[in-house]
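Colleague: Dropping a prediction and its sequence here:
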Amino acid sequence: MPSFTEENYLKAVYKLSEAQPGTEVSTNSVAEELQTRPASVTDMLRRLGEKGLLHYTRYRGVTLTTEGRRLALLTIRKHRLWEVFLVEHFGFNWDEVHEVAEQMEHIDSDLLVRRLDEFLGFPQLDPHGDPIPTAEGILHRPQHRLLADLRPGDQGRVVAVKNTSAPFLQYLDKVGVNLGTHIEVLDKILFDNSLEIRINKENKQLMSAEVSRNLMLTD
């Protein structure tokens, strides 16, 4: 099994590659994601390449191998299962779970993860609406629409958030938006692409373009 640090690198490369499919992930972007020095990143990426977990080309970037991608998804699986556990059984709010799950995702016990999954009833989504990879490292992505892409008259229910930072989630709590919230688009402001919306068929709210780009809805 990869080390704590190696798992973090594989997960970071996976996240960055998903943001820009089909392109190699640069050393600088990994350094920025992990908040560390590019020289240290280069050494680790070279080491992971030697282990067959990613394809490393100097001055070009990296892509995950099949095994590297599988291990990255298994780390994400543990992270999201622990988030479900913390919210459902320890009373954590959805803005409080990320840092704790970051630590718990590195526990190296397949048996514990299987028992955790069973205990939780085999959940498919984490508290932020993100899909939980299977034990085989397979990720099924449901089809959603960004709130930003909706037009006046369109409506749907919030099923996931792209931004899982604590400040963003706290903002959503403040305006009364959570998973399952019904949103109807009343108007789109051409000046800044902000949206006038109705929340749960009652409260009107002006929502910025930045927020609407981070909310995913389904009909």
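Modeller: All right, it came through fine.
Colleague: Please make it C-alpha for all contacts and neighbour counts, starting now.
Modeller: Noted.
Colleague: can you give me the helices in this structure?
Modeller: Taking DSSP state H as the criterion, the chain carries its helices at 4-19, 27-34, 38-50, 66-90, 98-104, 110-119, 166-175, 209-212.
Colleague: Pick the most buried one from these.
Modeller: Scoring the helices of the chain by mean neighbour count under mean count of other C-alpha atoms under 10 Å gives helix 66-90 as the most buried, with a mean of 21.
Colleague: hmm, back to that, now render the helices of the chain as JSON lines, adding distance to residue 143 and mean pLDDT.
Modeller: Converted to JSON lines, the helices of the chain look like this (distance: least, C-alpha to C-alpha, whole Å; pLDDT from 0 to 100):
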{"stretch": "helix 4-19", "distance to residue 143": "15", "mean pLDDT": "94"}
{"stretch": "helix 27-34", "distance to residue 143": "26", "mean pLDDT": "93"}
{"stretch": "helix 38-50", "distance to residue 143": "33", "mean pLDDT": "92"}
{"stretch": "helix 66-90", "distance to residue 143": "19", "mean pLDDT": "97"}
{"stretch": "helix 98-104", "distance to residue 143": "24", "mean pLDDT": "95"}
{"stretch": "helix 110-119", "distance to residue 143": "24", "mean pLDDT": "97"}
{"stretch": "helix 166-175", "distance to residue 143": "22", "mean pLDDT": "97"}
{"stretch": "helix 209-212", "distance to residue 143": "17", "mean pLDDT": "97"}
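Colleague: Please name whichever of those is nearest to residue 156.
Modeller: Residue 156 sits nearest to helix 209-212 of all those, at 12.9 Å, using C-alpha to C-alpha.
Colleague: Would you mind writing the CA trace of the closest one as CSV?
Modeller: Extracted in CSV, the C-alpha atoms of helix 209-212 (Å, rounded to 0.1, in the frame of the first residue of the first chain):
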residue,chain,number,x,y,z
ALA,A,209,-22.5,33.7,-10.5
GLU,A,210,-19.7,32.2,-8.4
VAL,A,211,-22.2,30.4,-6.1
SER,A,212,-24.4,29.2,-9.0
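Colleague: ok, and what's touching it?
Modeller: 146-148, 192-195 (C-alpha atoms under 8 Å, 6 or more residues apart in numbering).
Colleague: What of stretch 110-118?
Modeller: Under C-alpha under 8 Å, 6+ apart, the answer for stretch 110-118 is 78, 81, 123.
Colleague: what sits up against stretch 144-153?
Modeller: With C-alpha under 8 Å, 6+ apart, stretch 144-153 has contacts from 159, 184-188, 195, 209, 212-218.
Colleague: From those, pick the one nearest residue 40.
Modeller: residue 214 (31.7 Å).
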